[in-house]
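Peer 1: with the sequence up front, the predicted model follows.
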Amino acid sequence: MIKLELFYNSEVDNETENLAQKLKEKFADKVDILLRDTTKDQIPESYGIINPPAAVLDGRQKIKIEGHEEFEKLIMKAIF
């Protein structure tokens, strides 16, 4: 199973949480999606600097998200 961490800032982004929930329901058997609010959760030092919205795939690959439509595309690429 692929681990995908989605980092967002809840103070300025109110859509990512709902989108992440929809993606969890759609891809639950293939991707473990972890939603991390950067205002509450500390970013692991090993990830370096992350400017939300961003994703980390399997704890290794950082990906900058340039819009909410990219979340689903990102997951599809990760699966295949």
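Peer 2: Nice, thanks for sending it over.
Peer 1: residues making contact with the lowest-mean-pLDDT helix or strand in the chain?
Peer 2: Using mean pLDDT, DSSP states H and E, the weakest-scoring helix or strand in the chain turns out to be helix 69-79, at a mean of 72. For helix 69-79, the surrounding residues in contact (CB atoms under 8 Å, 6 or more residues apart in numbering) are 2, 4, 6, 16, 19-20, 23, 27, 30-31, 33, 55, 57, 63, 65. In short, each C-beta sits where N, CA and C put it, glycine included.
Peer 1: filter those residues down to the ones in helices?
Peer 2: 16, 19, 20, 23, 27 (DSSP state H).
Peer 1: how far does stretch 40-58 sit from the chain's center?
Peer 2: Mean-position distance between stretch 40-58 and its chain equals 9 Å (CA atoms, centre = their mean, to the nearest Å).
Peer 1: can you pull the buried residues of that stretch?
Peer 2: 43, 50, 52, 53, 54, 55, 56, 57 (16 or more other CB atoms under 10 Å).
Peer 1: can you list those in JSON lines and add pLDDT?
Peer 2: Output for the buried residues of stretch 40-58, formatted as JSON lines (pLDDT from 0 to 100):
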{"residue": "43", "pLDDT": "92"}
{"residue": "50", "pLDDT": "91"}
{"residue": "52", "pLDDT": "90"}
{"residue": "53", "pLDDT": "88"}
{"residue": "54", "pLDDT": "89"}
{"residue": "55", "pLDDT": "89"}
{"residue": "56", "pLDDT": "92"}
{"residue": "57", "pLDDT": "88"}
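Peer 1: mind checking which of these are in strands?
Peer 2: Among the buried residues of stretch 40-58, DSSP state E puts 54, 55, 56, 57 in strands.
Peer 1: nearest to residue 37, out of the buried residues of stretch 40-58: which one, please.
Peer 2: residue 52 (8.8 Å; CB to CB).
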